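Trainee: Model the following, please.
(one chain, ligands or ions: 1)
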Amino acid sequence: MEKIAYLGPEGTFSELAATAFTKSAERLPYRDISSCLQALAKKEVDGAVVPLENTIEGSVNITLDHLVHKHDLPIVGELAIPVAQHLLVHPQNADQSMGIVYSHPHALAQCHDYLSKHLSGAEWMHASSTAKAAKEIAENPSLNRAVIANRLAAKTYGLAITAENIHDFANNHTRFVLLSTRKTQNDPSVEARPSVNRKTTIVVTLPSDYSGALHQVLSAFAWRKLNLSKIESRPMKTGIGHYFFIIDIDHAYDDVLVPGALEEIKAIGCATRLLGSYPSAVIHEENEMESTI
Ligand SMILES: O=C(O)C(=O)C[C@]1(C(=O)O)C=C[C@@H](O)C=C1
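Mentor: Predicted coordinates for the structure are as follows:
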């Protein structure tokens, strides 16, 4: 059976996403995103499902940086899943006010407005994942902590939901990617979804002594009418002011115009690297997810 690594323990959004990609695979929880990617690089698993970007919080930098700096692990599919955050407590503490709110930093940030309005006195405490926080308070009811996590975590760890849908913006989605060194470029589970699109993600490094290089990179796509759905700069980590760009193109790599655009970019001295050309789909509502939440 195929093995897929995800950020554990059971009940994370990453697990929900992994299930949405492939229900039949064996899902293996890892303590953090870098361990998931390392497990795939060492071929302990056949694939890894990791978060890339959230509607409210933006990019998951740890994933981007690992894909660019540490590993060569192709993206073979993408799913954006709905992220509904709830406030959970141990059932013994359902009537008490909690002094600490405990969760993954991204989950806390997605509920910033709610927390300032309803739990302004509470301290924020970071956990390695939403489900890790849920598991810990389930095991230690004496901890004076509320947790932000999903419905699956509440069910898995027997916690009470005291406030539902506390994320600050209704349309909260996180893009997850499936990475694999074995699969073909077409992940069949995403390919089979309605409204699937093709996307190509590249990393571009600009030549240092070329003014207007970014303008030229963008115009290589613009005059071919190739739509870009994302462009973001990240530090190269080699010195202040050194950046690379991650660009999402809304077309397949073998789309007739894409190779020409990339050749044009290379001709001005840019280095390019392909992170993947893959099918991409959005799951709009929680009830469209295969797993029970
Ligand atoms: O903690 C989890 O449940 C995760 O899967 C991680 C993570 C993230 O890294 O952004 C994934 C989706 C949500 O945006 C919140 C947290």
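Trainee: can you pull the pLDDT of the closest residue to residue 10 other than its chain neighbours?
Mentor: Leaving aside its chain neighbours, residue 10 sits nearest to residue 156 (5.4 Å; criterion: Cβ to Cβ, 6 or more residues apart in numbering). To be clear about C-beta, it is placed using only N, CA and C from the backbone, and glycine gets the same treatment. The per-residue pLDDT reported for residue 156 equals 98.
Trainee: which residues touch residue 71?
Mentor: Listed by Cβ atoms under 8 Å, 6 or more residues apart in numbering, the contact set of residue 71 reads 37-38, 40-41.
Trainee: By mean pLDDT, flag the weakest helix or strand of this structure.
Mentor: The helix or strand of the chain with the poorest confidence is helix 188-191; it has a mean of 84 (mean pLDDT, DSSP states H and E).
Trainee: what does that helix rub up against?
Mentor: For helix 188-191, the surrounding residues in contact (Cβ under 8 Å, 6+ apart) are 20-22, 77-79, 178, 196, 278-281.
Trainee: circling back to that earlier point, what element comes up after the strand or helix carrying the residue nearest to residue 10 heading to the C-terminus?
Mentor: Taking DSSP states H and E as the definition, residue 156 sits inside helix 151-157. For helix 151-157, the following helix or strand on the C-terminal side (DSSP H and E) is strand 160-163.
Trainee: Pull the distance from that following strand to the chain's centre.
Mentor: Between the centre of strand 160-163 and the centre of its chain there are 25 Å (Cα atoms, centre = their mean, to the nearest Å).
Trainee: is the next helix or strand after that strand anywhere near the ligand?
Mentor: Scanning the chain past strand 160-163 towards its C-terminal end, the next helix or strand to appear is strand 173-180 (assignment: DSSP H and E). Yes: using Cβ under 6 Å from any ligand atom as the criterion, contacts between strand 173-180 and the ligand involve residue 174.
Trainee: Just say helix, strand or coil for residue 194.
Mentor: With DSSP: H, G, I helix; E, B strand; the rest coil as the basis, the three-state label of residue 194 is coil.
Trainee: For the closest residue to it other than its chain neighbours, list the residues it contacts.
Mentor: The shortest distance from residue 194 to any non-neighbouring residue, by Cβ to Cβ, 6+ apart, is to residue 281 (7.7 Å). Residue 281 makes contact with 78-80, 190, 193-197, according to Cβ under 8 Å, 6+ apart.
Trainee: How about the residues of the stretch 1-150 of the chain by the ligand?
Mentor: If contact is defined as Cβ under 6 Å from any ligand atom, the residues of the stretch 1-150 of the chain in contact with the ligand are 7, 12-14, 51, 54, 60, 83, 104, 106-107, 129-131.
Trainee: can you list the residues you listed in TSV and add neighbour count?
Mentor: Output for those, formatted as TSV (neighbours: other Cβ atoms under 10 Å):
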residue	neighbour count
7	29
12	27
13	29
14	28
51	25
54	21
60	20
83	24
104	25
106	21
107	27
129	28
130	29
131	29
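Trainee: now the top strand by length along the chain: mean pLDDT?
Mentor: Ranked by residue count and defined by DSSP state E, the top strand of the chain is strand 271-282. Taken as a whole, strand 271-282 has an average pLDDT of 96.
Trainee: check contacts around the most centrally placed residue in the chain.
Mentor: The centre of the chain sits closest to residue 51, judged by Cα atoms, centre = their mean, with a distance of 1.5 Å. The contact partners of residue 51, by Cβ under 8 Å, 6+ apart, come to 7, 13-14, 17, 33, 60, 63, 106, 174-176.
Trainee: And those residues, which is closest to residue 146?
Mentor: Here the nearest of the contacts of residue 51 to residue 146, counting by Cβ to Cβ, is residue 106; it sits at 16.9 Å.
Trainee: That closest one and residue 193, how far apart?
Mentor: In this view, residue 106 and residue 193 are 25 Å apart by Cβ to Cβ, to the nearest Å.
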